[in-house]
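Engineer: just need the structure, nothing else, for what follows:
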Amino acid sequence: MNILIEDADSLKFFLGEGRWTKNAVEGKRYAGTALALKAAKQEPVGKFNIVGYIGENKQFINLDHGRGKGPAEIPA
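Structural biologist: Now for the predicted structure:
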């Protein structure tokens, strides 16, 4: 299983250096959920998900979520 950071709004996966992709296979892989969570909190993204991706059957598993350093949402 690959552990990835997913932008909760755009559903794109973190590549590194502020870049994102729609392709989960290209996303930066993390050795554990805690490392991915720590990294995601430092990125200029709003809400994010930490997901496990199983490439054999293209299945996603939500592992955690949070907020990065992106702009706060303004309630409507």
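
Engineer: can you give me the neighbour number for Glu42?
Structural biologist: Actually, residue 42 is Gln. It isn't Glu. 9 (other Cβ atoms under 10 Å). All C-beta spots, glycine's among them, are computed from the backbone N, C-alpha and C.

Engineer: leaving out the residues flanking it, which one is nearest to it?
Structural biologist: Lys69 (6.6 Å; Cβ to Cβ, 6 or more residues apart in numbering).

Engineer: distance between the ends of stretch 1-13?
Structural biologist: The first residue of stretch 1-13 is 15 Å away from its last residue (Cα to Cα, to the nearest Å).

Engineer: and for stretch 39-57?
Structural biologist: 26 Å.

Engineer: which residues does that stretch contact?
Structural biologist: Stretch 39-57 is touched from outside by 1-9, 14, 18, 24-25, 27, 30, 33, 36-37, 59-73, with contacts defined as Cβ atoms under 8 Å, 6 or more residues apart in numbering.

Engineer: so which residues of the protein form helices?
Structural biologist: Remark: helices assigned in the chain by DSSP state H are 33-40.

Engineer: what is the burial count for Ile5?
Structural biologist: Around Ile5 there are 27 other residues, counting by other Cβ under 10 Å.
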